[in-house]
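A.B. asks: predicted model, plus sequence, below.
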Amino acid sequence: MSNQARVKNRAPAPIQISAEQILREAAERQEQHIIDPVVKIHDAEEYQSHLRDRRKHFEDNIRYRREHIGNWVKYARFEEENREFERARSVFERALEVEVRNPELWLRYAELEMRNEFINRARNVLDRAVQLLPRVDFLWYKYVYMEEMVGDVPKCRTVFDRWMDWMPDDNAWMSYARFEGRCGHWDQAKEIMKRYANAYPSSKSFMRFAKWAEYEAKDVDLARTVYESALVELEPEESRQARVFGRFAAFEERQGEYERARVIYKHATKLLHLGQEGTQPPGEEEVSKWEQEKRNELYKAYIAFEKKRGDKAGIEDIVITSQRAQYEKRVKDDPRDYDAWFEYAKMEEENEVEGMDNAGKVREVYERAIANVPPSMEEKQLWKRYIYLWIYYALYEELQQHNLDRASQIYDACIDLIPHSKFSFSKIWINAAKLHIRRKDLLSARKLLGKAIGLCGKERIFAEYIALELALGEVDRCRALYTNYLKQMPHNCRAWSKYADLEKSVGETERCRAIFELAVSQAALDMPEMLWKNYIDFEIEEGEGDNVRALFERLLEKTGHVKVWISFAQFEGTGVGKGVAAARDTFQRAHDQMKEAGLKEERVLLLDAWRVFEKQKGDAESLAKVDAMLPRRVKRKRMRTDESGAELGWEEYFDYHFPDDGDSKAGNLKILEMAAKWKQAQQAQESSSSSEDESDDED
């Protein structure tokens, strides 16, 4: 045969089968479930025949799967139901020959004897089972349960003693002690628990012993003795567990011994270094995560205890100690973590004790913090957070301690530390000057601000200095400051405007106009539009229409922006301007210039503003004239290119066609308009002819 792959016909079959049809056929072809016939027995002979058949069935199953214990158990259960106990025992014995170390089989055998009240036989079966399988606990539990149920206490105790010789787990010892407790033999129960604690010298066994003594034996002294023994007799890795201290303290608190509980909590805090994460107790190995969580829970329990049973000072001392340890760790790991210093100092400030000289701790924190100077004197970014330590330190001395002299010294030290030749901070100078003012030392404040202008020279310093002198009514000083201000920053339009506003506020109109003239004559300005607007608004307020018009003309020589033209035309339409006609002339001038420059977007904005103006102050004829000038928006396509000139594909954009544009594109648009009108006429003619035909049919 050839190795070539056969071509399969993948065409759909001519007859398709649905899922519903498949399910229907499956249901039709399904075999009926055969129900076992009901056997009715009329006499002893039929009964014996039925037993032979059933036994033959069970024997066949056993021969088929001899190791399957379920077959043996079902066989024995069948014999038990027919009251053939000897046969049932024989079945179990045969099963034990197959698998003698199966504890479940022994349990079923013992339950057979117990259900039918063969106590001695059940005792023999369980005795054989526990001798063969002494480490299977549920066999022992069944054995002692049976002995207790039949009321044979000595035999039950004997079974427990035999069990304890094998050193079972904790639950077995607890069961033995509870058995003695149910029998009322509490002394023997206590001795059993002592044997248990000696057999398993661990924190778990001691805690269970103490809990049993408190809740079941009701012996508080014994429970306290067990807790104390756990702290003394156990190994350090067992006794230094947080749960031991926690349960001991909770026990004392339940008994009303609050002072004893507080002593235990304090001892645990000192021994385990509670509330100090990351601090390892000396001589102790690394603490596991689970143990650390328990220690945290113990510390929380201590805090909750102090909140309920302690005073305010004790509670705050616990919380502050913990927080102080955390902050110390943070600043030790990273001394230049200024956020940690901020939080540390704030915590000390908030927890100052009223009426006590507690400022030493806060000052110590601030002094340690400001000692961590940024390593670089070139990068200002590193100093931005550091500088606030000095500010908060000075504010603390001023607001909390009311020590203005010390606050002033802090500001002076900070100013001396900053490398002003590289960078400076205006907020330091301003805060220091304001502090001098609050100290009623105006001369020092002026000297400091003058020094700040020389070393820093920032806009904010000039603004604050001018605001100070203006509040004092020193106009001449304000003029001198503005002069120095504008010498350093001649491009700052905000400074020119505020200087002009100052002269305007004192009634010096000519000085104000001269300042504006000097400002607009500068070669470079950061916001010239704001300056020209303020100048024009000033002249409008003064009612100088010719000056306003001249300013607009001068501004249009510098820039032909459409908003300037619109503002010019709107001004002409006001009472200060020449009237509506002059406004229309201005709009027309602007339209002609933009048409020559080919600025279509600007022409649209201008015509929209012109149309609004005509709606307000014009008539229908002038409004129609402007409406006739409005363009038509047309969607076009153009090729997109990148910086190198490569084509990127076509894109759509909107273009404007103005009625007074006479180019070839306009001719094409007129042809399209004529075609659209012709199509509308054709549709109107067809609709009229169809309506006439309908009227003829009705006639």
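C.D. replies: Nice, I can see it.
A.B. asks: ok but residue 633 is inside a strand, no?
C.D. replies: Yes - the assignment for residue 633 (DSSP: H, G, I helix; E, B strand; the rest coil) places it in a strand.
A.B. asks: number of nearby residues for it?
C.D. replies: By other CB atoms under 10 Å, the residues close to residue 633 number 10. For glycine as for every other residue, the C-beta is placed from the backbone atoms N, C-alpha and C.
A.B. asks: which residue sits closest to it, ignoring its sequence neighbours?
C.D. replies: Excluding the flanking residues, the one nearest residue 633 by CB to CB, 6 or more residues apart in numbering is residue 654, at 5.3 Å.
A.B. asks: part of a helix, is residue 112?
C.D. replies: Yes - the assignment for residue 112 (three-state DSSP) places it in a helix.
A.B. asks: quick one: it and residue 92 touch, right?
C.D. replies: Yes - between residue 112 and residue 92 there is a contact under CB atoms under 8 Å: 7.0 Å.
A.B. asks: hey, what's in contact with both of those two?
C.D. replies: residue 76 (CB atoms under 8 Å, 6 or more residues apart in numbering).
A.B. asks: would you map the strands across this protein?
C.D. replies: Secondary structure of the chain (DSSP state E): strands located at 632-641, 647-657.
A.B. asks: which neighbouring elements make contact with the first one?
C.D. replies: Strand 632-641 sits against strand 647-657, with contacts defined as 3 or more CB pairs under 8 Å, 6 or more residues apart in numbering; DSSP states H and E.
A.B. asks: shaky segments in the chain?
C.D. replies: 1-7, 275-285, 314, 353-358, 661-673, 675-676, 688-699 (pLDDT under 70).
A.B. asks: pick out the residue closest to the middle of it.
C.D. replies: Nearest residue to the geometric centre of the chain (CA atoms, centre = their mean): residue 339, 20.3 Å.
A.B. asks: who's in contact with that one?
C.D. replies: The contact partners of residue 339, taken as CB under 8 Å, 6+ apart, are residue 385.
A.B. asks: how much space between the residue of the chain positioned farthest from its centre and residue 121?
C.D. replies: What lies farthest from the middle of the chain is residue 45; by CA atoms, centre = their mean that is 82.9 Å. Distance check for residue 45 against residue 121: by CB to CB, to the nearest Å, it reads 32 Å.
A.B. asks: next: residue 507.
C.D. replies: For residue 507, the distance to residue 121 equals 126 Å [CB to CB].
A.B. asks: what does residue 635 give?
C.D. replies: 104 Å.
A.B. asks: quick one, which of the two is more surrounded?
C.D. replies: Neighbours were counted for residue 635 and for residue 121 using other CB under 10 Å; residue 121 has more, 17 against 8.
A.B. asks: what about the residue lying closest to that one once chain neighbours are set aside, how many residues close to it?
C.D. replies: Of all residues not flanking residue 121 in the chain, residue 113 sits nearest, at 4.4 Å (CB to CB, 6+ apart). By the measure other CB under 10 Å, the count of residues near residue 113 is 22.
A.B. asks: relative to residue 599, how far out is residue 113?
C.D. replies: Counting by CB to CB - residue 113 and residue 599 are separated by 112 Å.
A.B. asks: for the stretch 501-650 of the chain, what spans make up the helices?
C.D. replies: Under the criterion DSSP state H, counting those that start in this stretch, the stretch 501-650 of the chain contains helices at 509-520, 528-542, 545-558, 562-572, 580-597, 600-617, 620-629.
A.B. asks: tell me which of these approaches residue 346 most closely.
C.D. replies: Among those, helix 528-542 comes nearest to residue 346, with 42.0 Å by CB to CB.
A.B. asks: what is the closest one packed up against?
C.D. replies: helix 493-505, helix 509-520, helix 545-558, helix 562-572.
A.B. asks: out of the ones you listed, which comes closest to residue 396?
C.D. replies: Here helix 493-505 is closest among those (CB to CB), at 34.8 Å.
A.B. asks: which secondary structure elements does the closest one sit against?
C.D. replies: Where contact means 3+ CB pairs under 8 Å, 6+ apart, helix 493-505 is packed against helix 459-471, helix 475-488, helix 509-520, helix 528-542.
A.B. asks: so which of those helices is nearest residue 68?
C.D. replies: Minimum separation from residue 68 across those (CB to CB) falls at helix 459-471, 93.8 Å.
A.B. asks: name the residues that touch the closest one?
C.D. replies: 426, 429-430, 433, 437, 445, 449, 452-453, 477-478, 481-482, 484-485, 489, 492, 495, 498, 502.
A.B. asks: so which bits of that helix are buried?
C.D. replies: Residues 461-466, 468-470 are the ones in helix 459-471 that count as buried (16 or more other CB atoms under 10 Å).
A.B. asks: of all the residues you listed, which comes closest to residue 220?
C.D. replies: Once CB to CB is applied, the member of the buried residues of helix 459-471 that ends up nearest residue 220 is residue 464, at 73.2 Å.
A.B. asks: the closest one and residue 481, how far apart?
C.D. replies: Distance, residue 464 to residue 481, by CB to CB: 10 Å.
A.B. asks: neighbours of the nearest residue to residue 47 once chain neighbours are set aside, how many?
C.D. replies: Among residues not flanking residue 47 along the chain, residue 41 sits closest, at 4.9 Å (CB to CB, 6+ apart). Residues lying near residue 41 (other CB under 10 Å) number 12.
A.B. asks: quick one: residue 41 from residue 54, how far?
C.D. replies: Distance from residue 41 to residue 54, counting by CB to CB: 12 Å.
A.B. asks: got it, and residue 405?
C.D. replies: From residue 405 over to residue 54 the distance is 111 Å, taken as CB to CB.
A.B. asks: so for the two, which residue has more residues nearby?
C.D. replies: Neighbours were counted for residue 405 and for residue 54 using other CB under 10 Å; residue 54 has more, 15 against 10.
A.B. asks: what sits against the more buried one?
C.D. replies: Taking CB under 8 Å, 6+ apart, we find residue 54 in contact with residue 78.
A.B. asks: about what we covered before: I'd like the helices and strands packed on helix 528-542 as JSON lines, with distance to residue 253 and mean neighbour count appended.
C.D. replies: Below are the helices and strands packed on helix 528-542 laid out as JSON lines (distance: least, CB to CB, whole Å; neighbours: other CB atoms under 10 Å):
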{"stretch": "helix 493-505", "distance to residue 253": "69", "mean neighbour count": "20"}
{"stretch": "helix 509-520", "distance to residue 253": "79", "mean neighbour count": "17"}
{"stretch": "helix 545-558", "distance to residue 253": "85", "mean neighbour count": "16"}
{"stretch": "helix 562-572", "distance to residue 253": "80", "mean neighbour count": "20"}
